[in-house]
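> Any chance you could fold what I've pasted below:
(chains A and B)
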2 protein chains.
Amino acid sequence: MHKEILEDIGEKELINRLGKFMPRNQASDDCALIKIRNENLLVNTDSLVENIHFNDITICPKDLGWKAVISNISDLLSSGSKKTIGITINLILPPETEWIWVEKLYKGFNKALKEYGGVILGGDCSKGNEKIISITAFGIQGELELRRNACKPGDIILTTGIHGLSKLGLMIQNKINFDKNLSLNKRLINKAIEHFCRPQVYPNFLENLLKTRPNKKIKRIGCTDSSDGLFQAIEDLAINSNCKAIMNYEKIPKDKNWPKGDIWDEYYFFGGEDYELVFSLPKKWAKNLCKLDKNIYEIGYFSDGEPSIEFKDKNKNQLLKNKPFKHF
Amino acid sequence: MHKEILEDIGEKELINRLGKFMPRNQASDDCALIKIRNENLLVNTDSLVENIHFNDITICPKDLGWKAVISNISDLLSSGSKKTIGITINLILPPETEWIWVEKLYKGFNKALKEYGGVILGGDCSKGNEKIISITAFGIQGELELRRNACKPGDIILTTGIHGLSKLGLMIQNKINFDKNLSLNKRLINKAIEHFCRPQVYPNFLENLLKTRPNKKIKRIGCTDSSDGLFQAIEDLAINSNCKAIMNYEKIPKDKNWPKGDIWDEYYFFGGEDYELVFSLPKKWAKNLCKLDKNIYEIGYFSDGEPSIEFKDKNKNQLLKNKPFKHF
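Numbers count the residues shown, from 1 in each chain, chains lettered A, B, ... in the order given. Here you go, the predicted model:
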């Protein structure tokens, strides 16, 4: 079968084809126009680089498009965005890229936008040696300002879900033999691949926060997402809010089939790409919320002290020392 | 001397250093916040790829940063942006990139923002094989909507300046021996390098348009910028507005030292990166504007007919056939 590649299509035709994934009024001008009335805009921007953040072995283009959008929407939500307006896309693609790859990527973008709201507002496409997807996403700031620097000593630390699954999914897709003596539960395998390839944004988060707020004067709460791993999320909150996080190892929710052992704890804490929300609330609010939403877990609290993370069970602090150093 | 490269600095420290180029309230959160009141936002996005759009031989990092911002501001202006709010930056850099290169690039970003307004609102930095700078820029829509699809038959076609200089600058920087028998005027050489490395955005454009508008009911005018060359700009206007452009070769302004000949006409029409405005106005408005601003030139008009470009002097139509085909 003939493979249609970008080089054969030419620049003009490519722009035409990509324009078809956008609403008609947005295509083909120098700028995109965003109409908002008396509301503040949240903007997030993220790049995915081939062979760093993705490759053709571990994820198909449609899932990649979905995931690229989810990653941005998760950041918007973790700042308190009540509505996603849309995204602009900067694509860098090698000329030998097949058109069908691009088409599937855009189908993934639009599938996620259809699910969570928003449209493709504009973009740019250039030639390069490796595939790069840069997305800038726009949302409307809701009533609650969720910020990394808004945690307070005494706040309860909460999270919307189980971590490590995406990391496990990546390893499975890469066919890494992490432990030959271990036979992983099949349900866990499927769940891990699903979390890695088709992550979801946590539902009804802002609505439930507002419903359970004990005091309408509280407008700011500490929050980030765990796209860089649970440990990184808590560290970011601790540093930006200048408090000390005390974690309760026993309370941290794990998949019932998640294996035991230090290496599995490492995958759990440092894995990344989980897109869960990690946040802190005053005690009463936290209690109300956990009562309303059974999928939200209390995992520790913030106290006064040097910005850092400690486990309540001192034996577990060894874990934090295993944090992988991130080279650029 | 020790060269400090990104790989040695590490990810965390790099984010810290880049944060220093941003206003304090914007650094270190998941999203940037844009506060606007009852106004519409214009958004533009553009990528510059190493060895496609730039390289270390032809442009220094500070000029590159300047130019990356100008290219976006020019797009905002050509949609009628009355104020630049700021930019988000997605950088892809090889780990062996020197820190000083990045620092100079950011100095260039901020120099342009200081000149034309706006701040760095946020960004992301990832590792990759080649340097890529993706910028998303935000502006406020002014009273006049400048759009590619708003030209009308009978409108005069105007431009804010001389074309081809940036292309000549690029060739000079690349030490291309374009014509051994030709000795270029020294002033032209300097001007060309200046246009290529440190392009400017045309001043007082919107103000002068508003000052000379004969009828306040006209809210939309046809406009784009010539970042892809003068010919491309006029073609984009013609296609999107569904009119035919009749160009007057004799009226098209050239630098007095610009050499004669077909190849020099090609550089002029297809060169690109000139960042002049190319737009159309009703006759009376065009006359008023040219009277007020002596640096704006009438170069043709739009008529009914198939979207296309023709020269009034039919002999010159050969020129348009030499248009280089743009592979992706």
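
> quick check: domain ranges of chain A?
A:9-29+A:38-141, A:145-321 (automatic domain parsing).

> what distance separates the start and the end of the last one?
By that I understand domain A:145-321. 32 Å (C-alpha to C-alpha, to the nearest Å).

> Then the first one?
Taking C-alpha to C-alpha, the first and last residues of domain A:9-29+A:38-141 lie 40 Å apart.

> hmm, back to that, let me know which of the domains of chain A is the nearest to chain B.
Chain B lies closest to domain A:9-29+A:38-141 among these, at 4.0 Å (C-beta to the nearest C-beta). Glycine gets a C-beta too; all of them are placed from N, C-alpha and C.

> now the helices for the stretch 101-250 of chain A?
Listed in chain order, the helices of the stretch 101-250 of chain A (DSSP state H, counting those that start in this stretch) span A:165-173, A:186-197, A:205-212, A:230-241.

> Which residues does stretch A:29-38 contact?
A:26, A:41, A:85-86, A:88, A:121-122, A:138, A:140, B:36-38, B:40-44, B:75-76, B:78-79, B:81, B:139, B:141, B:147-149, B:224-225, B:240 (C-beta atoms under 8 Å, 6 or more residues apart in numbering or on different chains).

> Weed out the non-buried ones from those.
Among the contacts of stretch A:29-38, those buried by neighbour count (16 or more other C-beta atoms under 10 Å in any protein chain shown) are A:26, A:41, A:85-86, A:88, A:121-122, A:138, A:140, B:36, B:40-44, B:75-76, B:78-79, B:81, B:139, B:141, B:147-148, B:224-225, B:240.

> Write out the residues of the stretch 151-300 of chain A neighbouring chain B.
Counting by C-beta under 8 Å from any C-beta of the partner chain, the stretch 151-300 of chain A comes close to chain B at A:224, A:225, A:240.

> these two touch, right, the first one and residue A:235?
Read that as residue A:224. No - Residue A:224 is beyond contact range of residue A:235, at 9.8 Å (criterion: C-beta atoms under 8 Å).

> show me the contacts for residue A:98.
Residue A:98 touches A:3, A:4, A:5, A:6, counting by C-beta under 8 Å, 6+ apart.

> In strands only, show me the contacts of stretch A:29-38.
The members of the contacts of stretch A:29-38 that map onto strands under DSSP state E are A:41, A:85-86, A:88, A:121-122, A:138, A:140, B:40-44, B:81, B:139, B:141, B:147, B:224-225.

> Show the model's pLDDT score for the spatially closest residue to residue A:122 that is not a sequence neighbour.
Excluding the flanking residues, the one nearest residue A:122 by C-beta to C-beta, 6 or more residues apart in numbering or on different chains is residue A:32, at 3.8 Å. pLDDT for residue A:32: 92.

> Also residue A:124?
87.

> Now the nearest residue to residue A:128 once chain neighbours are set aside: which helix or strand?
Closest residue to residue A:128 apart from its sequence neighbours, by C-beta to C-beta, 6+ apart: residue A:92 at 3.8 Å. Here residue A:92 sits within strand A:81-93, counting by DSSP states H and E.

> Parallel or antiparallel, which strands does that strand pair with?
strand A:119-127 (parallel), strand A:132-141 (antiparallel) (DSSP bridges).

> Does residue A:148 touch residue A:221 like I think?
No - look at residue A:148 against residue A:221 with C-beta under 8 Å: they stay out of range, at 10.7 Å.

> quick one: average confidence on stretch A:318-328?
Rounded mean pLDDT across stretch A:318-328 is 77.

> and what of stretch A:197-215?
96.

> And the contacts of that stretch?
Contacts of stretch A:197-215 (C-beta under 8 Å, 6+ apart): A:59-60, A:63, A:66-67, A:70-71, A:73-74, A:77, A:80, A:82, A:116, A:142-144, A:160-161, A:166, A:169, A:173, A:221, A:273-277, A:282, A:284-285, A:288-289, A:291-293.

> before we move on, back to that, ok, which of the domains of chain A comes nearest residue B:127?
domain A:9-29+A:38-141 (5.5 Å; C-beta to C-beta).

> how far is that closest one from where the chain is centred?
15 Å (C-alpha atoms, centre = their mean, to the nearest Å).

> now swap in stretch A:203-218 and tell me
Using C-alpha atoms, centre = their mean, the offset of stretch A:203-218 from its chain centre is 21 Å.

> now do the same end-to-end measure for that stretch.
Using C-alpha to C-alpha, first and last residues of stretch A:203-218 are 22 Å apart.

> buried stuff in that stretch?
Neighbour-count burial for stretch A:203-218 [16+ other C-beta under 10 Å]: A:205, A:206, A:208, A:209, A:212, A:213.

> returning to what we had before: pLDDT of the strand holding residue A:92, averaged?
The model assigns strand A:81-93 a mean pLDDT of 96.

> Which residues belonging to stretch A:291-299 are considered buried?
A:293, A:296, A:297, A:298, A:299.

> Ok, stretch A:78-97 next?
Applying 16+ other C-beta under 10 Å to stretch A:78-97 flags A:78-93, A:97 as buried.

> returning to what we had before: now, which of the contacts of stretch A:197-215 lie within strands?
Per DSSP E, the contacts of stretch A:197-215 map to strands at A:82, A:221, A:277.

> now the nearest residue to residue A:320 once chain neighbours are set aside, which residues is it bridged with?
Of all residues not flanking residue A:320 in the chain, residue A:309 sits nearest, at 6.0 Å (C-beta to C-beta, 6+ apart). Here residue A:309 sits in beta bridges with residue A:245, going by DSSP bridges.

> Residue A:309 and residue A:248 touch, don't they?
No - using C-beta under 8 Å, residue A:309 makes no contact with residue A:248, being 11.9 Å away.

> For these two, indicate the residue with more neighbours.
residue A:309 (21 against 15; other C-beta atoms under 10 Å in any protein chain shown).
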